[in-house]
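would you be able to build a 3D model of this:
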Amino acid sequence: MNPTAISKHIAKAALSLKTAMVPLLITGLIFLLAGAYTIRNIIYFVGPGEAGIHWSLFKGGTEIDRVYGEGIRLFPPWDRFAIYNVRIQEVASELHVLTKTGLQVHLSLSIRYRPQYNMLGVLHQQVGPDYVNTVVIPEIEAVLREIIGTMAAEEIYTTGRTVIIEAINQAIEQISQRFIDVDDVLIRRITLPDSVAEAIRDKIREKHQIETKEFSIQKAKKEADRKRAEAAGIRDHLDTIASAIPKDQILKWYGIKVTEEIATSNNAKVIIIGSGENGLPIILNADAQTTANPTPQAATVQDPLSSPQRALPESGAMDRGNSGALNDNAQEPATQTTMKPAGQNTQAPTIVDAPGK
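Residues are numbered from 1 along each chain as shown. Purely as a prediction, here's the structure:
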């Protein structure tokens, strides 16, 4: 075969292929998109916590008597398949309500709900997938607006809570008739006008102050009763002691008790025992009529020849010699000094002139 003819045939084939390439690519892309769309409307994946409802174009519409569970589901591309979340869900809602007096109250709600599994087909047919904004929130808000509109602002914090809860329960029962289970309605926050909130706080503060004063009065009464009982016990104790111990010995008995307690204590101490028969500490010596350290007084000398007494010096200048005699310019007669023992009526010592021998 002529090589030139072969080259011409190859060139014609390449030109034909190049001319047909664009339509082939366009056709392939169309088939690819159509296949993807078909697969998407044929194959459905039902995940965990989900359920599906089938709507058929040629078989009577919604299948209300059958709920499709988890897994892969295949349907014709002209049918529809709706997937619902059947777990407990939560939705938040902000609500502004007017009270009976015209004050605006802000409520922050949290609603927990879930669709009824067995009635999911009826819910899909009558309400649709957006049932929470169609039924749940409007029903709760309508009940709260109605009940709070009949109350004063301060009643919401006090006696109105029970009424609000009862109204919410009634709303939950009404919602359940629409094939929806409301688990709970939580009022997360109630914001009153500033003037009303301040008045409520002042009222509560005054109430607690009154309760504090009442408690202080009760405490004072209890303390008075305790002191009266204690005084009665001390009186009975003293009466018992007085009946067993002579009156002139009670102070000595107490002195012995105090001395024992001082002696057995763990503190550092110095005990000064008095003189006399009792030997009690100085502060408890009932017989002593002078202090432990009496103030020195001037001694007096009595002359038998003359009645007046003359004062001697306060110091011990009289002590000369071992005999204790007093010589005044070596002319005066000797005198005798008499001292009384401690613990008795200790007064300034009296010096009496003795006659010379």
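
in the protein, which residue is closest to the centre?
For the chain, the residue nearest the mean C-alpha position is His208 (15.9 Å; C-alpha atoms, centre = their mean).

tell me the gap between the helix or strand that that residue is a member of and the middle of its chain.
His208 belongs to helix 194-244 when assigned by DSSP states H and E. Relative to its chain's centre, helix 194-244 lies at 24 Å (C-alpha atoms, centre = their mean, to the nearest Å).

show me where the stretch 51-200 of the chain has strands.
Using DSSP state E, counting those that start in this stretch, the strands of the stretch 51-200 of the chain run over 61-62, 71-74, 80-85, 89-98, 104-115, 180-191.

could you dump these to CSV with mean neighbour count, distance to Tyr157 and mean pLDDT?
Where you see a C-beta, it was placed from the backbone N, CA and C, and this is true even at glycine. Formatted as CSV, those follow (neighbours: other C-beta atoms under 10 Å; distance: least, C-beta to C-beta, whole Å; pLDDT from 0 to 100):
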stretch, mean neighbour count, distance to Tyr157, mean pLDDT
strand 61-62, 14, 47, 91
strand 71-74, 10, 51, 90
strand 80-85, 16, 36, 94
strand 89-98, 14, 14, 90
strand 104-115, 18, 10, 90
strand 180-191, 15, 7, 88
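
how about these in CSV, adding distance to Glu230?
Shown next, in CSV, are those (distance: least, C-beta to C-beta, whole Å):
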stretch, distance to Glu230
strand 61-62, 87
strand 71-74, 84
strand 80-85, 73
strand 89-98, 61
strand 104-115, 57
strand 180-191, 52
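
out of these, nearest to Gln170?
The closest of the strands of the stretch 51-200 of the chain to Gln170 is strand 180-191. By C-beta to C-beta, the value is 11.2 Å.

between the closest one and strand 104-115, how big is the angle?
160 degrees (axes from the mean of the first three to the mean of the last three C-alpha atoms, to 10 degrees).

so strand 180-191 versus strand 89-98, what angle?
Interaxial angle, strand 180-191 versus strand 89-98 (the same axes, to 10 degrees): 50 degrees.

could you list the paired strands of strand 180-191 along with their orientation?
strand 104-115 (antiparallel) (DSSP bridges).

by how many degrees do the strand it pairs with and strand 80-85 diverge?
120 degrees.

so which residues of the chain form helices?
For the chain, the helices defined by DSSP state H occupy 3-40, 120-126, 131, 137-148, 160-176, 194-244, 250-264.

who's in contact with the fourth one?
Counting by C-beta atoms under 8 Å, 6 or more residues apart in numbering, the neighbours of helix 137-148 from elsewhere in the structure are 91, 93, 95, 97-99, 105, 107, 109, 111, 156, 160, 163-164, 167-168, 170-171, 174-175, 182, 185.

for this protein, which spans come out with low pLDDT?
The chain contains residues with pLDDT under 70 at 1-3, 5, 8-9, 13, 17, 159, 268-357.

how is it divided into domains?
1-40, 43-85, 89-192, 206-244, 247-288 (automatic domain parsing).

just send the ones you listed back as TSV, with distance to Ala199 too.
TSV is the format used below for the domains of the chain (distance: least, C-beta to C-beta, whole Å):
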stretch	distance to Ala199
domain 1-40	62
domain 43-85	45
domain 89-192	7
domain 206-244	11
domain 247-288	60
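
so which of the ones you listed comes closest to Glu198?
Proximity to Glu198 (C-beta to C-beta) singles out domain 89-192 among the domains of the chain, at 9.4 Å.

quick one: the residue lying closest to Leu120 once chain neighbours are set aside from Gly49, how far?
Ranked by C-beta to C-beta, 6 or more residues apart in numbering and with sequence neighbours excluded, the top spatial neighbour of Leu120 is Val67, at 5.1 Å. Between Val67 and Gly49 the computed distance is 13 Å (C-beta to C-beta, to the nearest Å).

what of Ile256?
Ile256 sits at a distance of 90 Å from Gly49 (criterion: C-beta to C-beta).

burial measure for Ile148, as a count.
Using other C-beta atoms under 10 Å, Ile148 is surrounded by 24 other residues.

from His124, how far out is it?
34 Å.
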